[in-house]
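Asker: the sequence and its predicted three-dimensional model are supplied below.
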Amino acid sequence: MNVPLRQSADKVFTALALLSVVLVAAALVGILLPMMWRGGSAVVFRGTVEFRRMQLEQFNRGDSAAVRAEVEEAAKIRQRAFEILDGFAAGLDTSELETKVKQLHREFGVQIANRDIPQAQATELRKLSKELRDGLLSALEAGSKDQALSHLDEVLSHAGDGRLKGTLASTYFDLARKYHNTLTTVDLNRRGEYAESLKQVMEAMKNLFGPPSGERLPAVTMEQYGATRWDQATQHLDRLLWAETWAGSGEGRTLAKSRVPREEQFAGTELAELFPYVRNNIQAMLRPQWTFYWRYFTDDSMSGHYFGGVGPEVLGTLLVTVLAIAFALPVGVVAAAYLVECARDSLATRVLRMCVNTLAGVPSIVFGLFGLAFFVIYLLPKLGLREGSSILAGALTLALLVLPVIIRASEEAIRTVPRAYKEASMALGASRFRCFVTVTLPAAAPGILTGLILSMSRAAGETAPILFTAAVAMGPVPTSLSQPTRTLSYSSYDMAVGDKMAMLAPHNQFGMVMTLVAIVLLLNIVAIMLRGRMSKKLRGQ
Amino acid sequence: MTQAIHSEKPAAGFTRPLLLSPAQDWGGWLLGEAGRAVLLTITGTSVLAVLLIFVFIIRQAWPFFQSQGLTEALGSTKWYPQAQGQAQFGMLALIFGSLYVTAGALVLAVPIGILTAVVLSDIVPFRVRQAVKPIIEILAAIPSVAYGFFAVLVLAPLMQKHLGLSTGTNALNSAVMLAIMAIPTIVSVAEDSLWAVGRELREASYACGATRAETLLKVVIPAAHNGIIAAVVLGMMRAIGETMLVWMASGNACQIPSPWWDLTQSVRTMTATIAGEMGETPKGSTHYHALFAVGLMLLTFSLVLNLATEYLLHRAKRSSGGHA
C-alpha cells in the first residue's frame, strides 16, 4: 500500500477513535442533563400563590398573614372570571336550570304555607307559581329560539305582579331574564358543541385556580389547589385558551390536530369575555415567584406524588445503604487484610479469590432471589422477626452485593501501603497485629474510604436486590428495622412505569430520579477527589 | 539504655533469631494463631455467601425441575405461568430475549468501548486521559434504574416520534441503553490490558515504519487479545445480568421477534421476568419455583462467564510477562 493511503487510513482510525470518546461523553451528558434539569425543576421553580397556600395549609409554613393577603388579592381578580363562567354555564346548562326551577317551586310552596295569608290567596299563589314554573320549563325545553322567547315573555309579563313582591317568586324572573340573555347571544343549534367545550374550559379553570373560594373543599388534597407551579399553569392556560380538535383530512388518512382559539369558538356569547380577561390577568391571578423548595428533600409526598417531596425515600435509601455498609465493611476489611497479610498463595486464598470474583459476578436480581429465599423466608423468621420484606433483609442482601467491592478496594489499598512503613514498625518490635492496626490500616484508610464511598453509591442505586426484600412503593415511614421502606431507587422505577398519578406531575417524577442520581454522583465525585489527593500524596507532592 | 550501648559485651540481641519460638512466647504465639483463625473465619463469609446462594437458589428451583423437567423448560417458547390449569413454563423466549438484547448491546458497545480504550491508552496525552477517566467512572456509577428511567421517559417517546414505531419500549431501546452501561466495563478492562502490552512492542512496530493505526490494529490489540476478550465477556455479564433497565425498556412481550432481526419489537428477558412476576407469585407455587429456576439459569450463565474471564485474564497476565 502506498504511503499517503496508509497515512489517511491512520487519520481515519484516529478520527473514529476520538469520535467514540465523544460519543461516550455525549451519552453521559445526554442522559444526565435532561434528568438533572427536569428533576431540578422540582426544587427550583416559579411557585404560584397556590403553592404558598398549599405550603401554609398542609405544612404550616410561610408567613400566614402575608399568604392570606396574597390569596385574597388573587381571589378578588379571579372573582370576575368565575362570575363570567358561572353566568354562561347557568344559561347553557338547561338540565341544571330545570332542577333549579322545580326546586324553586317547592320552596315557594313551603314559603306560602308558612305565611299567614288566607286559604284562597294561597291557592291562587300556588297556581301562579305553577304557571310560572311550567312557562319556564317549556321555554327551557323549546327547540327553537322564538318559541323559547315567547314562553319567557309570558313568564316575564307577571314580573310586575304585586302579590309576588318580596317572595321567592322574584327568583323566577331572575332566571327568566338570565336565560333570555343567553338565548339572545347563544346559537341554540350549537349548544352541544358549546357544552363540550365548556366542560374543558371549566376543567382548565379548576386546574388553574382550584375550586372557587366559598365552595366546599374537595376531599382529595390534590384537588384543593390550582396550579402550584408556573410551568403547569401555562399548560393549563393553553388548554383554556385553545381548543384542540381532531379532524379527518380525508379517507384513510390520520386525523390531524387543529387548534382553534376558544375566544373565536365562543364569539358573540358572554363567555368570550373570559379568555382575554384571564390571559391579561393571569400573572395577577397566580402571582408566580421564583421558589427554592429545598424542603423537597425532606418532605413526605401527598396525593400520590403530586405534592410534597421525597423525604421518606431519602431516609429509606440512607437507612438501607448505611446498614448494608455497616455489615459489609468489617467483614470486607478483615477479608482484605487476611488476603494481603496472612495468606500466601495457597489453595485457600485461591478459593477465596474465586469466591469473591463469583460473588461480584452474580446478577443483582439473583441477589434479590437469594435475599427472598434466605433472609426473608428462612433466616429472619428463625430469629423471631416478622416474615416479609424489611429494611434488615434488604440491608443484608445489599451487604453481600457490596462485599466484593469493599474487599477488592481494601485489598488494593492495603497492598499499596509502602513496605518501608511495615518494616519500620516491625523493626521497632511491634507484633504483626499491632503493626497492622496502628500502621498499615491508618495508611490504607483513605483507600478503604474511597472503596466504602463507591460501594455506598452502588448500594444506594441498586434496585433489583431490594425488590422482594425491602422496598415498597407506598407506605408509612418505617419505625423499626423489621419494616419495609420506600427507597429512591424503587420509587424511581415505580414513578416511571407503575404510577399513573405520577404522570400528572412530571417534575416530581424526574425529581425522584434526580435525587438518586445526585446522591450517587456526589458520592462518586467525593471518591474521585479523595483518590486524586491520595495519588498525589503517594507521588510525594 | 546508655549503659547498654556503651557496654563492651557482644550484641547478643542481634545474633538471636528475630521471631520468638512458640515455647519462648506461648501467649503471643497462641494469640497470633487464634487471630489468624478468626480472620480466616471472617474471610470465609464470602465463601459461605457463595455457597448459600447456590444452595438456596437450587433448593427453591429443584421442585420445578422435578415436576416439569428440563426439556419443557428449554424446549418451548410458551411462558404462560398464570394460565388456569394449563400453566406452561417454556423459557426459550426468555433466554432468547436476554441473549438478543445482550448481543445488540455488544454490537454497539464493543467497537466503541475498544476504540475508547485505545484513545485512552495510545492517542491522547496523559492529562486528557486523567480527565476522561472520571467520565467513564461516572457512566458506570449511574444506577441502572436511572438508565431505565431515561429509557422509558426520554428515549422511548423520542423513538416513537422520530422512528415512527408503535412502541418506544423495545429491544432496540434496551440494547442502546445496555450498550451505554456496558461501555465503562469494557473500556476499563480493555485499557488495562492495552496498557500492559508495554512500550517495546509499540516501539518495535513504529521502528518498522508502521503507522499508529497499523501498530494498534496489528500489534498492540492482537497482543492484548486475552484481556480484550475478557473485557467483552465482562461487558456481556453486565448486560445479561442487568434487570431494572431491561424490565423498564424492553417492552416485556414474551416473544421471539419475527423476523428475528427486527430490533424494534418488544422482547422479555430472564431478569425482567423474575423482577416482574416474583412479587405477585404465591410462595411455593410452581410459578414461584419456575422463577427460581430462571434465576438458577442466570446464575449458571454468570458463573460460566466469570470462569471464562478469570481464565482469560490469567492468560493475559502470563503472556504480558512483567508488565501486568
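Answerer: Okay, I see it.

Asker: CA only for contacts and neighbour counts going forward, please
Answerer: Noted.

Asker: so which residue of the stretch 151-300 of chain B comes closest to chain A?
Answerer: residue B:241 (4.5 Å; CA to the nearest CA).

Asker: quick one: residues contacting that residue.
Answerer: By CA atoms under 8 Å, 6 or more residues apart in numbering or on different chains, residue B:241 lies in contact with A:362, A:363, A:364, A:365, B:271, B:298, B:302.

Asker: please apply the same query to residue B:200.
Answerer: The contact partners of residue B:200, by CA under 8 Å, 6+ apart, come to none.

Asker: what are the buried residues along the strand or helix carrying it?
Answerer: In this structure, residue B:200 sits in helix B:199-207 according to DSSP states H and E. Going by neighbour count (16 or more other CA atoms under 10 Å in any protein chain shown), the buried part of helix B:199-207 is B:202, B:205.

Asker: and residue 51, what does it touch?
Answerer: Went with chain A since none was named. A:225, A:227, A:228, A:229.

Asker: need these in CSV with distance to chain B and secondary structure, can you?
Answerer: Shown next, in CSV, are those (distance: CA to the nearest CA, whole Å; DSSP: H, G, I helix; E, B strand; the rest coil):
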residue, distance to chain B, secondary structure
A:225, 27, coil
A:227, 23, coil
A:228, 23, coil
A:229, 21, strand
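
Asker: the lengthiest helix in chain A and chain B in contact?
Answerer: In chain A, taking DSSP state H as the definition, the longest helix is helix A:3-40. Yes - on the criterion CA under 8 Å from any CA of the partner chain, helix A:3-40 is in touch with chain B at A:6-7, A:9-10, A:13-14, A:16-18, A:20-21, A:24-25, A:27-28, A:31, A:35.

Asker: try stretch A:471-483
Answerer: No - judged by CA under 8 Å from any CA, stretch A:471-483 makes no contact with chain B; its nearest approach is 10.7 Å.

Asker: between the two ends of that stretch, how far is it?
Answerer: 10 Å (CA to CA, to the nearest Å).

Asker: okay, helices next: where are they in the stretch 351-500 of chain A?
Answerer: Here the stretch 351-500 of chain A has its helices, by DSSP state H, counting those that start in this stretch, at A:364-370, A:380-382, A:391-415, A:419-427, A:432-435, A:441-461, A:488-493.

Asker: please read the previous query as pertaining to the stretch 101-250 of chain B.
Answerer: So, for the stretch 101-250 of chain B - with DSSP H, counting those that start in this stretch - the helices run B:126-141, B:144-150, B:156-162, B:171-196, B:199-207, B:212-214, B:221-223, B:225-241, B:244-249.

Asker: quickly compare those and say which is most buried.
Answerer: helix B:244-249 (a mean of 29; mean count of other CA atoms under 10 Å in any protein chain shown).

Asker: so how far is the helix holding residue B:200 from its chain's centroid?
Answerer: Relative to its parent chain, helix B:199-207 has a centroid offset of 33 Å by CA atoms, centre = their mean, to the nearest Å.

Asker: could you give me the average pLDDT of it?
Answerer: Helix B:199-207 shows a mean pLDDT of 91.

Asker: do stretch B:316-324 as well
Answerer: Stretch B:316-324 comes out at a mean pLDDT of 63.

Asker: okay, and whatever residue of the stretch 1-150 of chain B ends up closest to chain A sits in which element?
Answerer: Chain A sits closest to residue B:43 of the stretch 1-150 of chain B, with a gap of 4.2 Å, by CA to the nearest CA. Assigned by DSSP H and E, residue B:43 falls within helix B:26-75.

Asker: tell me what the next helix or strand after that helix is packed against?
Answerer: Downstream of helix B:26-75, the first helix or strand assigned by DSSP H and E is strand B:79-80. With contacts taken as 3 or more CA pairs under 8 Å, 6 or more residues apart in numbering or on different chains; DSSP states H and E, strand B:79-80 sits against strand B:88-89.

Asker: now do the strand it packs on: distance to the chain's middle.
Answerer: So, by CA atoms, centre = their mean, the centroid of strand B:88-89 is 29 Å from its chain's centroid.

Asker: how far away is the nearest residue to residue A:44 once chain neighbours are set aside from residue A:46?
Answerer: Nearest residue to residue A:44 in three dimensions, chain neighbours excluded: residue A:292, at 4.7 Å (CA to CA, 6 or more residues apart in numbering or on different chains). Using CA to CA, we find residue A:292 at a distance of 9 Å from residue A:46.

Asker: same check, this time on residue B:126
Answerer: From residue B:126 across to residue A:46, the span is 45 Å (CA to CA).

Asker: do residue A:357 as well
Answerer: Distance from residue A:357 to residue A:46, by CA to CA: 50 Å.

Asker: now do residue B:154
Answerer: For residue B:154, the distance to residue A:46 - CA to CA - is 23 Å.

Asker: so which bits of the stretch 351-500 of chain A are right by chain B?
Answerer: Close to chain B, as judged by CA under 8 Å from any CA, the stretch 351-500 of chain A has residues A:351-352, A:355-359, A:361-367, A:369-370, A:373-374, A:400, A:403, A:433, A:457-458, A:461-464, A:467-468, A:489-490, A:492-493, A:496-497.

Asker: how about the strands of the stretch 201-350 of chain A, start to end?
Answerer: A:242-248, A:255-261, A:289-292, A:301-302, A:307-308 (DSSP state E, counting those that start in this stretch).
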